[in-house]
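> here's my sequence, what's the structure:
(2 chains)
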Amino acid sequence: MPDIVINIEVSLRRNYQDLRFCPQDNAEDLRESRRRSLSVLQTNYPKGQVLGNALEYASELSYLQGALLPADYYKINHAALFYDRHTDVIAAINMDDHLVLKACGGLEQLDHLQQVVREAGQAMAQTGLVFAQDADFGYLSYRPTMSGSGLFINAILHLPMLHYLKQIRSLGEMLKAQEYLLRPIAAHDKRNPAKMYVLSNATSLNRGDGVLVQRIREFVDLLSKREALLRGKALTRNGQSAFADQVWRSYGILRFARRLNDGDFLNHWSNLRLGSMAGILPLSIETVDSLLVYTGNQVFLKEGADTKNIVGLRAQNVRQALSGG
Amino acid sequence: MICEVCREKNAEIVFKTVTGNQVATKAMCMSCAHNMQQDMIKMFIALGFRKDQIDQAEVEPQDKIPAVLCVNCGRPYDQLSEQTMAGCAVCYEAMREDLKARMAVVEPAGMPEAGQDITGKQDNSVEDEVRDLRYRLMEAVTREEFEEAAALRDRIALIERVEEQS
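From the prediction side, this is the model:
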């Protein structure tokens, strides 16, 4: 798997034919949509559970599984999040479309993830649910430009060098011309300290699943090569370049810091991952990626931590993971 | 309400000034509003705007009446864009023609074959050379090697001048 890939999410979007779509915010229709979806999901996945609040969400889903979900999903009118840990199927209900079935994993699992959501979608349809469909436009979405087969692939990528050297915009424009999108994952302060981006298909109209899978693989490969080229230029100068210096500084900070807020943590995490990808730090990418769990507050809150102590706890956990002092 | 500027006549309009994230509103009479508008025009001209740019800015955008309302959910629809939202399945009837037109161009001309490099730019293009030089300039500045940085800066300027002339 190219080292820039952090996670892949495949989703299948559906709306009920007879109900108004979510942006209309009609309480009656939203309630009915939630009831239908949960009723069938609980039948199809008897061991699955509704994650009703942030703590349940943190207990069940990894940071990456929830990276593309709204942070405060449980505050959205009549929304729900359903998770079956046995099949790893996640269902987001009334968050934008009525029902979005998701599965997450690595790039090498892409075909499998596509099959998982397709099977989940078929199982839902076989129970008699009628999804909004049109002969011309396929399955209908609340956003007409997203109508089609309803299959969307999101690749979460770490692109620090393309970010630093301001090449994301031109690459994004080139991808947009092919109807694919490259968007930043912004932290809550609207910056992108982790230098993470999401590559996804802008439409599923007239696109077979195979074509989408193939194109995403090709674009990931292209971005990976570009990133590696710049990384090679920037970091292979006997460890003396400004970027290499930043990598080592971040390693030192994460190993010994006593307080880390999430923005600060993500900024240094990104440098750490850059150092790991370039082979100049004695860390595997898996080790670096495993630190992402400490990004949000939920992981600490579920352990009963006080909000005031989270910056200290985050630093402590990261230090331990990196075997620092 | 009395005009907040002259404090004599009745206020007839509200003048809204947006500066960055800050919005200030002032209720004023027509005469004061006209004076303020003239002052602002002078200020924009002093800042280098042309008169025609200011005249354009003076035109208030009219609220557009949507062409179609969905008979089922009442959602207005005017023209399909990436931001357009549908209220229900019936809304698609109103957008059918626009969406069909969009469907006709889903595979844009020049779509690269699988495996083809889609950047369309060679690594040795002028743009790439300038980008590389800028990167080296940034590194030189970081290392505080200002002589090298100055040489790189001059080289970038030269390339850009030649490009501009050609």
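> just the CA atoms of stretch A:226-242, as PDB, please.
The C-alpha coordinates for stretch A:226-242 follow below in PDB (Å, rounded to 0.1, in the frame of the first residue of the first chain):
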ATOM      1  CA  ARG A 226       4.600  13.100  -6.600                       C
ATOM      2  CA  GLU A 227       4.800  13.200  -2.800                       C
ATOM      3  CA  ALA A 228       7.800  10.700  -2.900                       C
ATOM      4  CA  LEU A 229       9.600  12.800  -5.500                       C
ATOM      5  CA  LEU A 230       9.400  16.000  -3.400                       C
ATOM      6  CA  ARG A 231      10.200  14.000  -0.200                       C
ATOM      7  CA  GLY A 232      13.300  12.700  -1.900                       C
ATOM      8  CA  LYS A 233      14.500  16.100  -2.900                       C
ATOM      9  CA  ALA A 234      13.700  17.600   0.500                       C
ATOM     10  CA  LEU A 235      14.900  15.000   3.000                       C
ATOM     11  CA  THR A 236      17.800  13.100   1.500                       C
ATOM     12  CA  ARG A 237      20.500  15.700   2.000                       C
ATOM     13  CA  ASN A 238      22.400  14.000   4.700                       C
ATOM     14  CA  GLY A 239      19.700  14.900   7.200                       C
ATOM     15  CA  GLN A 240      20.700  18.500   7.100                       C
ATOM     16  CA  SER A 241      17.700  20.000   5.200                       C
ATOM     17  CA  ALA A 242      15.200  22.300   6.900                       C
END
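> so what's the backbone phi/psi at A:Ser241?
phi -70, psi 160 (degrees, to the nearest 10).
> ok, which stretches of the stretch 51-200 of chain A are helices?
A:54-60, A:110-125, A:160-164, A:168-177 (DSSP state H, counting those that start in this stretch).
> buried residues in the longest one?
If you call a residue buried by 16 or more other C-beta atoms under 10 Å in any protein chain shown, then helix A:110-125 has these buried ones: A:110, A:113-114, A:116-118, A:120-121, A:123-124. To be clear about C-beta, it is placed using only N, CA and C from the backbone, and glycine gets the same treatment.
> so which of those residues is the closest to chain B?
Lowest distance from chain B to the buried residues of helix A:110-125 (C-beta to the nearest C-beta) belongs to A:Leu110, with 15.1 Å.
> verify the stated contact: the closest one with A:Glu9.
No: if you go by C-beta atoms under 8 Å, A:Leu110 and A:Glu9 don't touch, sitting 10.3 Å apart.
> what residues does A:Tyr83 make contact with?
When the contact criterion is C-beta atoms under 8 Å, 6 or more residues apart in numbering or on different chains, the partners of A:Tyr83 are A:48-49, A:51, A:60-61, A:89-91.
> please redo it, this time with the cut-off set to 6 Å
By C-beta atoms under 6 Å, 6 or more residues apart in numbering or on different chains, the contact list for A:Tyr83 reads A:51, A:60, A:90.
> okay, buried residues for the helix or strand bottoming out on mean pLDDT in chain A please.
None of the helices or strands of chain A scores lower by mean pLDDT, DSSP states H and E than helix A:54-60, at a mean of 76. By neighbour count on 16+ other C-beta under 10 Å, the buried set for helix A:54-60 is A:54, A:56-58, A:60.
> same question, stretch A:252-263
For stretch A:252-263, using 16+ other C-beta under 10 Å, the buried residues are A:253-255, A:257, A:260, A:262-263.
> export these as JSON lines, with columns for distance to chain B, pLDDT and secondary structure.
Shown next, in JSON lines, are the buried residues of stretch A:252-263 (distance: C-beta to the nearest C-beta, whole Å; pLDDT from 0 to 100; DSSP: H, G, I helix; E, B strand; the rest coil):
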{"residue": "A:Ile253", "distance to chain B": "18", "pLDDT": "95", "secondary structure": "helix"}
{"residue": "A:Leu254", "distance to chain B": "22", "pLDDT": "95", "secondary structure": "helix"}
{"residue": "A:Arg255", "distance to chain B": "23", "pLDDT": "94", "secondary structure": "helix"}
{"residue": "A:Ala257", "distance to chain B": "23", "pLDDT": "93", "secondary structure": "coil"}
{"residue": "A:Leu260", "distance to chain B": "25", "pLDDT": "93", "secondary structure": "coil"}
{"residue": "A:Asp262", "distance to chain B": "24", "pLDDT": "86", "secondary structure": "helix"}
{"residue": "A:Gly263", "distance to chain B": "20", "pLDDT": "87", "secondary structure": "helix"}
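> helices and strands around the helix or strand hosting A:Asn271, which ones?
Using DSSP states H and E, A:Asn271 maps to helix A:262-278. Where contact means 3 or more C-beta pairs under 6 Å, 6 or more residues apart in numbering or on different chains; DSSP states H and E, helix A:262-278 is packed against helix A:242-256, helix A:285-290.
> and the angle for the longest one with helix A:262-278?
Looking back up the chat, that one is helix A:242-256. With axes from the mean of the first three to the mean of the last three C-alpha atoms, to 10 degrees applied, the angle from helix A:242-256 to helix A:262-278 works out at 120 degrees.
> hmm, stretch A:140-147 touching chain B?
Yes: residues of stretch A:140-147 contacting chain B under C-beta under 6 Å from any C-beta of the partner chain: A:140, A:142, A:144-145.
> about what we covered before: let me have the buried residues of helix A:110-125 in a markdown table, extended by pLDDT and distance to A:Phe300.
Listed next are the buried residues of helix A:110-125 as a markdown table, based on pLDDT from 0 to 100; distance: C-beta to C-beta, whole Å:
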| residue | pLDDT | distance to A:Phe300 |
| --- | --- | --- |
| A:Leu110 | 95 | 32 |
| A:Leu113 | 95 | 30 |
| A:Gln114 | 95 | 35 |
| A:Val116 | 95 | 31 |
| A:Val117 | 95 | 31 |
| A:Arg118 | 95 | 37 |
| A:Ala120 | 94 | 32 |
| A:Gly121 | 93 | 36 |
| A:Ala123 | 92 | 36 |
| A:Met124 | 91 | 35 |
